[in-house]
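J.: Have a look at this prediction, sequence included:
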Amino acid sequence: MPHKSKNERVMSIKKQFIKSKPVCKVTFSIEAKEAAQVSVVGDFNNWNPEEGTLSKLKNGTFKGAFDLNKDAAYEFKYLVDGQYINESEADSFKWNEFSGTENSVLEV
């Protein structure tokens with residue numbers, strides 16, 4: 001059975017705007033069957049893995065929803081067992097001098 005490379009993970013971002021509040025409910029999901037711990041970290045949670053912990057579903061996908069302020073752009077990455085991974089479906093990508101790599105960008 002061929003092994004998927006790390007670049008072939010199934011990922012997605014779902015945005016649900018809440019009319020009564022200036023926020024967007026953003027659901028992050030990433031397939032990581034072999035992973036023990038996955039978080040989404042970024043500008044919206046001070047890059048803190050504990051604040052961005054995703055829950056593992058039975059199918060091996062990690063998922064979590066967060067209310068983010070609207071009319072903003074956030075740099076973020078997934079943290080899969082200590083390894084940073086970009087979201088392939090991000091709105092854009094931005095070079096980050098601090099990390100010396102590109103970050104995913106989410107616009108809400």
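T.: In hand now; what should we look at?
J.: beta partners for L68?
T.: Beta-bridge partners of L68, counted by DSSP bridges, are C24.
J.: need the contact list for it.
T.: When contacts are counted by CB atoms under 8 Å, 6 or more residues apart in numbering, L68 is found next to 23-24, 26, 44, 74, 106, 108. To be clear about C-beta, it is placed using only N, CA and C from the backbone, and glycine gets the same treatment.
J.: Show me which of those residues is closest to T61.
T.: V26 (15.8 Å; CB to CB).
J.: Need the CA coordinates for the host helix or strand of the closest one. PDB is fine.
T.: Assignment of secondary structure by DSSP states H and E places V26 within strand 23-31. Output of strand 23-31 as PDB, limited to C-alpha atoms (Å, rounded to 0.1, in the frame of the first residue of the first chain):
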ATOM      1  CA  VAL A  23     -17.200  37.100  14.500                       C
ATOM      2  CA  CYS A  24     -16.800  34.200  12.100                       C
ATOM      3  CA  LYS A  25     -16.900  30.600  13.400                       C
ATOM      4  CA  VAL A  26     -14.000  28.900  11.700                       C
ATOM      5  CA  THR A  27     -13.800  25.100  11.700                       C
ATOM      6  CA  PHE A  28     -10.300  23.600  11.000                       C
ATOM      7  CA  SER A  29      -9.900  20.000  10.100                       C
ATOM      8  CA  ILE A  30      -6.800  17.900   9.100                       C
ATOM      9  CA  GLU A  31      -6.500  14.200   8.500                       C
END
